[in-house]
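> 3D, please:
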Amino acid sequence: MTMQRKLVHILFLLIISMNANAQQAVARKDLLAVTFDSRAVDNVQAKEITMGAAQRAPLHRHPCPVVGYITEGTLIYQIQGQPAQTLNKGDAFYEPAETEIARFDNASASAPLKFIVFYLSTGEQPLIEILTKASNK
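Model (predicted):
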């Protein structure tokens, strides 16, 4: 084999090995799977929200589905009429559209709660409605 052919052969092997490394599988971890009624979504807003130590959100609901992910802290989350759940860093949650959220509380008396939410909305509309009392829905 001539020197030039050897170099071409080595270069070919290097390219193949680089391509093989680039083809390694991407790691995916299931966080949340939710099914909801078919609806139009033409606007997605992503927000990072920080709640102070022991802060509690008031009774509320959203006009659109909301999907979120806890990035720091611990959340006590409760849909009206269902048991409360404790969610930690790395957990995901879903707030159904037009559903009362009874509790959305920072569980820590000393540390903030941070999370990212995605509002799956249609057109321009308020993202949250603060309620004064639970409805009879």
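
> my read: residue 101 touches residue 57, true?
Yes - with contact defined as Cβ atoms under 8 Å, residue 101 counts as touching residue 57 (7.3 Å). To be clear about C-beta, it is placed using only N, CA and C from the backbone, and glycine gets the same treatment.

> compare those two (neighbour count), which wins?
For residue 101 versus residue 57, neighbours defined as other Cβ atoms under 10 Å are more numerous around residue 101 (21 against 17).

> tell me what the more buried one is bridged to.
Applying DSSP bridges to residue 101 gives these bridge partners: residue 60, residue 79.

> next up, the contacts around it.
Shown in contact with residue 101 (Cβ atoms under 8 Å, 6 or more residues apart in numbering): 57, 59, 60, 61, 62, 77, 78, 79, 80, 95.

> report the distance from stretch 108-124 to the chain centre.
Relative to the chain's own centre, stretch 108-124 is displaced by 9 Å; criterion: Cα atoms, centre = their mean, to the nearest Å.

> which parts of that stretch are buried?
108, 113, 114, 115, 117, 119, 120, 121 (16 or more other Cβ atoms under 10 Å).

> tell me the one among those residues nearest to residue 51.
Using Cβ to Cβ, residue 113 comes nearest to residue 51 of the buried residues of stretch 108-124, at 4.4 Å.
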